[in-house]
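**Q** Structure here, sequence nowhere to be found:
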């Protein structure tokens, strides 16, 4: 029997180095977003609290067995619950992450991985591999014949800092002999083989997060992690593993993400076929590491789509500023926002200036608008009734950022511009800029200084 997502499983939680019999009864649940929910129903020392305070003996690491799976909880902390004068309680525990597998991992050396396998929402639509082909013949009375051919896509690989990254076909065929249904599922997985063991948290940050950002820039939405698996040969060096066990473990933590963008959507900024995998994926990892703050702010901005025009605009200016700062770390800052904006546009061969169609000093007007909104100038109230200046500035900065990111991922400026222009609905965004930018110029009511 295996653990099912969404179901509550009962177990006994115990401290590392102690017997399971000395543990406390509790429960374990993982929801569809990767949230780990843990409860402990009794104190570890068997004593109650006259002050009705939670048991403070919860260690950083807790162990438990669920359906013969060893579960290790890392970074445990109590987040409240019910207590009493008896040993009974209901304390909620929030771990940093959980590890499910055939062995418990408790020491600092054990909590290191040498390989990672990751699958994300939007990944298969972005990959766009189609290994299955179906041929069928129908007659008026029904299906006459059908055949399926599977052609495995070639693996792709790239040498990255600290190891090797591969994109591997992970398709499967499932036959249900009870319902007589056959499922053909085309899918892929990213796989890292690392040069040396890396702490789990660092591995997810250094190697997992950049792939999420890669898909984020393609769809405009942070993808969720469908599956995260990890291994380290050292885990089983002195352990007898049966044929029904594996050295691979599953990592559980909140992975966020949405249900996925439709595979036939025209909103993808890029797909796998646009990349030279071996050459550009290392550039992607390096770019995300270099511009980490900008990408984190970008993901946060996109997750707050319910925000108003002014807050969204200010959030985007912070993304632009952070990206330019990490691109030019030695640059002395004057505080004028138009400086990084115009520099980024020049790096794109004045991509946005051509869209504005009236001034190559468009960054000056966007900078002035930023100051008005950011500092709460009374004139910002006028933008509620007439948000056209905000719409023009937001779209201009959005296109500026998207094209700059693609150049950072290893595309030429010309190719980056082509990809941005091919993304639906570019024509509407460009029209928005051209038609509404004059309203922004009028709203600012100032002339740019001479360079």
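**A** Alright, I've got the coordinates. Owing to the predicted nature of the structure, the values given are computational and were not obtained by experimental measurement.
**Q** For residue 167, name its beta-bridge partners.
**A** Beta-bridge partners for residue 167, by DSSP bridges, are residue 156, residue 190.
**Q** Who are the contact partners of it?
**A** Neighbour list for residue 167: 127, 155, 156, 157, 188, 189, 190, 191, 272, 277 [criterion: CB atoms under 8 Å, 6 or more residues apart in numbering]. Every residue, glycine included, has its C-beta placed from N, CA and C.
**Q** quick one: which helix or strand includes the residue nearest to residue 307 when sequence neighbours are not counted?
**A** Once flanking residues are discounted, residue 307 sits nearest to residue 315: 7.2 Å by CB to CB, 6 or more residues apart in numbering. Residue 315 is part of helix 309-327, with elements assigned from DSSP states H and E.
**Q** If you count contacts, what does that helix end up packed against?
**A** Packed against helix 309-327, as judged by 3 or more CB pairs under 8 Å, 6 or more residues apart in numbering; DSSP states H and E, are the following elements: helix 292-303, helix 338-347, helix 362-374, helix 388-408.
**Q** buried set for it?
**A** Across helix 309-327, burial judged by 16 or more other CB atoms under 10 Å covers 309-310, 312-324, 326-327.
**Q** Could I get the contacting residues of residue 393?
**A** By CB under 8 Å, 6+ apart, the contact list for residue 393 reads 313, 365, 366, 369, 370, 440.
**Q** how about low-confidence regions in the stretch 151-300 of the chain?
**A** Residue ranges of the stretch 151-300 of the chain with pLDDT under 70: 241-244, 255-259.
**Q** can we see that at 90?
**A** Low-confidence segments of the stretch 151-300 of the chain (pLDDT under 90): 222, 224-226, 236-247, 253-266.
**Q** As a check, name the ranges of all strands in it.
**A** 156-160, 163-169, 172-176, 181-185, 188-199, 225-231, 249-252 (DSSP state E, counting those that start in this stretch).
**Q** partners of the last one in the sheet?
**A** I take that to be strand 249-252. Going by DSSP bridges, the partners of strand 249-252 are strand 97-101 (antiparallel), strand 225-231 (antiparallel).
**Q** any idea of the mean pLDDT for the shortest one?
**A** This means strand 97-101. Mean per-residue pLDDT for strand 97-101: 93.
**Q** what does that strand rub up against?
**A** 3, 28, 30, 36, 66, 69-75, 105, 200-201, 246-253.
**Q** go with 7 Å
**A** 3, 36, 69-75, 105, 248-253 (CB atoms under 7 Å, 6 or more residues apart in numbering).
**Q** for the residue nearest the centre of the chain, what are its contacts?
**A** Nearest residue to the geometric centre of the chain (CA atoms, centre = their mean): residue 212, 3.5 Å. Counting by CB under 7 Å, 6+ apart, residue 212 makes contact with 120, 222, 223.
**Q** repeat that for 8 Å
**A** With CB under 8 Å, 6+ apart, residue 212 has these contacts: 120, 222, 223, 225.
**Q** so what does the helix or strand encompassing residue 441 touch, helix or strand wise?
**A** Here residue 441 sits within helix 426-444, counting by DSSP H and E. In this structure, helix 426-444 packs against helix 351-356, helix 362-374, helix 388-408, with contacts taken as 3+ CB pairs under 8 Å, 6+ apart.
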